[in-house]
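1. prediction below, plus the sequence it came from.
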Amino acid sequence: MSDIQFNRRTVLKLAGAAALTSGLGFTAAAQEVPAGTEFEVEGPISSISGSGNTGTIVAMGMTLDVRASSTLTSPSGAVLSMDQASAGNLPNRPEGFVGGTFKGSGTIESTDPLTLVVGSAVLEPAENVVFGVVTDNTGGVLHVNGVQFDPIDDPRMAFPGYTDAAGASLTPDQVPLGTIVSGEGYYAGGVLNIFIAELDFVAGSGETGDFNVSIARAEYRPDKNELRARGAASDSDLEVGLARVEESGGVTTYEPIEGVGTVGIAPEDNSWNVDSEGVDAVDVIVAQLFDGDTVVAQSAPFAVEIDD
C-alpha cells in the first residue's frame, strides 16, 4: 500500500467505488455531532412563537430552539422574552421583529432530528441608518436630509433621548438647523424610527451658565506610559483636565493625574484632546471642565482601555 500514489485520480476512483457500493444497499451510520458544536446564523426571520423563556424562531428556513438558557436582545440592548419577541406591533411596524434579521449563534444539539439551540442573538427589525444634517426642526420633530426622525417609545427598543456631544440631555427643539446627526433604527411609516442618535453639537455656554464635558475615548499604552483621551466640552473659553477615580471605604474621590495638565477646547467643534507620556497606569477617569481654578462641570466616570 505504501507504493500507491493517492493523487486526484485515485481519490476519484475511490469515490466512484463508494457510490457504487451505496447503491447495493449499504448505508452509512449517522455521524454523532461533537458536543458543543456551534452554529451561526444571520438571515431573515419568517416566524417567532413561544412564551416566557422558550419557543422557536424560524430564520432562513431553519427552526431555532429558544430555551431558558438563550438570550435574545433588540438592537438597543433590551433583553427580550419570547412574549415580547413574538408580540409584533413595534411603532409603524405591525409585524414587529418578523421580517427582520436574526443575528446569532448557538449549539447543534443533534442532527437526527436536527436540533439547533440558540445561545444568544439580536433580533433586528431592519438596519437603517441616516447620516447628514438637520434640515428641519419644526415643533421638535427633526428631519435629517429631509427624512423625519421618530424616536421609538416601545420598551423593546426605546430611544433614550437626545444628548449632545458632551453628554448633556437635550430636548429636540434645542437642536439647531445644520447640526450633523446620525440616526439608526428602521424605516417604516415614511419615517426613520430611531433607537439611537448622535449629535455633533454641544449645548450650553458660559453665557447661559450651562456647562458640560464628556469623554468619548480614553486609552493607556503601558509600553510608553502614555495616556490618550478625547471628548467634547461646552465652552471653548475654558479648559479641560483629567482626574483619576479612586474608591475607598465607599467614598469616591477624584485625584488629578500627575503628568497630565489642562488642555484647551477647539472652538470649531468644541473637542478636546489629551496625549501625555510618563503617566502611571490608570483604570477609570473623569474629565473636569475648569474656569480658572474652579471645576464647573465633570463627566461621568470612564473606563480606560489598555492598549497592549
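-> Great, that's in hand.

2. how about the strands in the stretch 1-150 of the chain?
-> With strands called from DSSP state E, counting those that start in this stretch, the stretch 1-150 of the chain shows them at 38-51, 54-59, 62-66, 71-73, 79-80, 101-111, 114-124, 128-138, 141-144, 147-151.

3. could the ones you listed go into JSON lines alongside distance to S248?
-> C-beta here means a position set from N, CA and C on the backbone, and glycine is covered the same way. Shown next, in JSON lines, are those (distance: least, CB to CB, whole Å):
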{"stretch": "strand 38-51", "distance to S248": "43"}
{"stretch": "strand 54-59", "distance to S248": "46"}
{"stretch": "strand 62-66", "distance to S248": "44"}
{"stretch": "strand 71-73", "distance to S248": "35"}
{"stretch": "strand 79-80", "distance to S248": "34"}
{"stretch": "strand 101-111", "distance to S248": "41"}
{"stretch": "strand 114-124", "distance to S248": "37"}
{"stretch": "strand 128-138", "distance to S248": "44"}
{"stretch": "strand 141-144", "distance to S248": "44"}
{"stretch": "strand 147-151", "distance to S248": "41"}
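
4. look up how far P256 lies from Q298.
-> 13 Å (CB to CB, to the nearest Å).

5. actually Q84, sorry about that
-> In terms of CB to CB, Q84 sits 47 Å off from P256.

6. check V191 too.
-> Taken as CB to CB, the span from V191 to P256 is 47 Å.

7. those two - which one has more neighbours?
-> Taking other CB atoms under 10 Å, V191 and P256 do not tie; V191 has more neighbours (17 against 13).

8. which residues does the more buried one bridge with?
-> Beta-bridge pairing for V191 (DSSP bridges): A188.

9. ok, it - contacts?
-> Counting by CB atoms under 8 Å, 6 or more residues apart in numbering, V191 touches N92, V147, Q148, F149, D150.

10. phi, psi for the closest residue to the first one other than its chain neighbours please.
-> With sequence-adjacent residues excluded and distances taken as CB to CB, 6 or more residues apart in numbering, N92 is closest to G189, at 3.1 Å. In terms of degrees, to the nearest 10, the main-chain angles of G189 are phi 70, psi 20.
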